[in-house]
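>>> here is a sequence with its predicted model. Questions after.
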Amino acid sequence: GDNSLIFNEEGRPYPPTAQIAMQQGVACAHNLVASIRNQPLKKFEFKNKGTVASLGKGEAVGIAFGKKYKGSYAAWLKKMIDIRYLYIIGGIPLVLRKGKFL
């Protein structure tokens with residue numbers, strides 16, 4: 001995400017975040033396979049799922065699912081997002097090894 005540059009319909013760049021990098025990775029993998037098989041490529045479309053930022057131990061702010069969150073609930077939401085990411089890339093073993101549950 002940090003080295004990605006893709007523009008939206010208005011000609012403005014999308015933010016270089018992990019969220020967009022993960023979505024681009026899925027699109028890229030699909031298009032690599034499609035290229036090898038001489039199939040049509042899919043156009044990348046960013047689907048913003050929201051943003052959550054940690055502010056310190058037990059504090060965060062965010063916008064997700066069309067709502068604003070703050071405080072301990074936003075921190076919990078951020079933790080769940082982090083655990084979900086670990087699960088996606090490494091399954092339960094990685095969650096148990098790297099997940100921070102406290």
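That came through fine.
>>> other residues contacting the host helix or strand of Ala29?
If you go by DSSP states H and E, Ala29 is part of helix 18-36. Here helix 18-36 makes contact (CB atoms under 8 Å, 6 or more residues apart in numbering) with 1-2, 4, 6, 14, 39-42, 44, 46-49, 51, 85, 88. In short, each C-beta sits where N, CA and C put it, glycine included.
>>> this structure: strands as residue ranges?
In the chain, strands defined by DSSP state E lie at 50-56, 59-64, 67-70, listed in chain order.
>>> and those as a markdown table, adding mean pLDDT and mean neighbour count?
Shown next, in a markdown table, are these (pLDDT from 0 to 100; neighbours: other CB atoms under 10 Å):
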| stretch | mean pLDDT | mean neighbour count |
| --- | --- | --- |
| strand 50-56 | 89 | 13 |
| strand 59-64 | 93 | 17 |
| strand 67-70 | 95 | 12 |
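>>> now those as a markdown table including distance to Gln23?
Formatted as a markdown table, these follow (distance: least, CB to CB, whole Å):
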| stretch | distance to Gln23 |
| --- | --- |
| strand 50-56 | 13 |
| strand 59-64 | 16 |
| strand 67-70 | 21 |
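>>> tell me the buried residues in the helix holding Ala29?
Neighbour-count burial for helix 18-36 flags Gln19, Ile20, Gln23, Gln24, Ala27, Asn31 (criterion: 16 or more other CB atoms under 10 Å).
>>> and what of stretch 70-86?
Ala74, Ala75, Leu77, Lys78, Lys79, Ile81, Asp82, Ile83, Tyr85, Leu86.
>>> pull the most distant pair out of these.
Based on CB to CB, the longest span within the buried residues of stretch 70-86 runs between Ala74 and Leu86 and measures 19.1 Å.
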